[in-house]
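> next come a sequence and a model predicted from it.
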Amino acid sequence: MTPIASPRLSRRAAVRSLGAAVAASPAIVACREPWAHAADRPPIGDGRDQIADLEDPAKRPQPAAEENPGDAPAERPLVLSTWRHGLAANEAAIGILREGGSALDAAEGGVMVTEAEPDNLSVGLAGLPDRDGLVTLDASIMDHDGRAGAVCFVQGVRHPIALARMVMEKTPHVMLAGIGAERFAREQGLEIVEQDLSPAARERYEKWLIDSRYEPVVNIENEPVGGPDNHDTIGMIVLDGEGRLAASCTTSGLGFKMHGRVGDSPIIGAGLFVDGGIGAATCTGLGETVMKTLTSFLAVERMREGDTPQAACEAAIRRVVEKNPNPESYQVGILAISRDGRSGAYAVQRGFDFARSTLEETTLLDSPSLLETRG
Ligand code: GLY
């Protein structure tokens, strides 16, 4: 594949032109219709004969491969990203790959689309604020060669994922936080925006202020604007045509979090992990549970030990549930791709959907989940 002359300019151009391209994309329009809301979808398997016994790993059912939409045949290139906001992001990523961009270019440029969405309450500057009314952003990126960059607790940076890539490529460090990260963004000429809540975020914040309770709600990503409060993330994993892997993860974090709270998304091994010789994984959901189990790292290590990506995702989610009580109160979803283009998806609860793109099509798929197998 011939490298493009100016990958960064090309990525920006791809992001600018994306709105129109996505709106006109028959692949995306076609798959949005039947998947209007997770609650309306038919169950994946009836689950009655698959009662999971979380105390005894040997008794846990392994869903058959054909029940796992993530466990599809090997593909290359392949892009997976979390939630339905991943549809537009994936289309951008595939466009970048078509132009000759690398997996890393695609992973960065793809999620920049989500960061720029004016009505996304969980990613980018339009996201929900913290308790003090301030939007603080976390992001990370990792490439095939194990290079990594991350930023956390940054304000006013339009594209934290681009800043994470700059940390990776232009500093000797892996993570910059807060005002140091913001200063670096200004030095690098990244777009800085004055703090101002998006109209939807402001409305939600004003409602939240009435009784100021912090209650994470699972699957908020799929709630329409105006639905229940709180979180999450876009995580993307890319395998390009040359077999190189990359991953990106970016979020405004939990809505109405304590000022200073940082989640899993910028933590290498938690929000994402890539080992170019093995595979890549990314997570979404309640960051506190993911940080305590390094869920993405665990999935990649399971693939190293011979698990399929699907089995690796399931093992990682079981670990989350084993180490974090009351799984019915939180959601975590994970996606994985092996170096040969097999893929997997799994979640704690029903309702985690994800976008899967090849050069031919982009589709929205439901992930299987641990709790649905408990009946
Ligand atoms: N998974 C994103 C967060 O917890 O901040």
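Yep, it's here. Residues are numbered from 1 along each chain as shown.

> now the helices for this protein?
According to DSSP state H, the chain carries its helices in the segments 7-16, 18-23, 26-32, 86-98, 103-115, 160-170, 178-187, 199-211, 287-291, 295-304, 309-323.

> was I right to think Ala93 contacts Met236?
Yes: counting by Cβ atoms under 8 Å, Met236 is a contact partner of Ala93 at 6.6 Å. Where you see a C-beta, it was placed from the backbone N, CA and C, and this is true even at glycine.

> now list whatever residues contact both of these two.
Taking Cβ atoms under 8 Å, 6 or more residues apart in numbering as the contact rule, Ala93 and Met236 both touch Val79, Ser81, Ala107, Gly110.

> hmm, back to that, more crowded one of Ala93 and Met236?
A count of neighbours by other Cβ atoms under 10 Å puts Ala93 above the other of Ala93 and Met236, at 37 against 34.

> which residues does that one contact?
Counting by Cβ under 8 Å, 6+ apart, Ala93 makes contact with Val79, Ser81, Ala106, Ala107, Gly109, Gly110, Met236, Val238, Ser357.

> rerun at 10 Å
If a contact means Cβ atoms under 10 Å, 6 or more residues apart in numbering, then Ala93 has 11, 14, 77, 79-81, 86, 101, 103, 105-113, 236-238, 240, 246, 248, 355, 357, 362 as its contacts.

> what does Arg244 give?
Contacts for Arg244 were tallied using Cβ under 10 Å, 6+ apart; they are Met1, Pro77, Ser102, Ala103, Leu104, Asp143, His144, Asp145, Val238, Val274, Gly276, Arg339.

> count the neighbours of the closest residue to the fifth one other than its chain neighbours for me.
Nearest non-adjacent residue to Leu104, counting by Cβ to Cβ, 6 or more residues apart in numbering: Ala246, 4.2 Å away. Per other Cβ under 10 Å, the neighbour tally for Ala246 reads 29.

> with Glu242 instead?
Glu242, neighbours per other Cβ under 10 Å, totals 12.

> doesn't His144 make contact with it?
Yes: using Cβ atoms under 10 Å, Glu242 is in contact with His144, at 9.2 Å.

> which residues are common contacts for those two?
Residues touching both Glu242 and His144 (Cβ under 10 Å, 6+ apart): Ser102, Ala103.

> pull the number of nearby residues for Glu305.
Residues near Glu305, counting by other Cβ under 10 Å, number 10.
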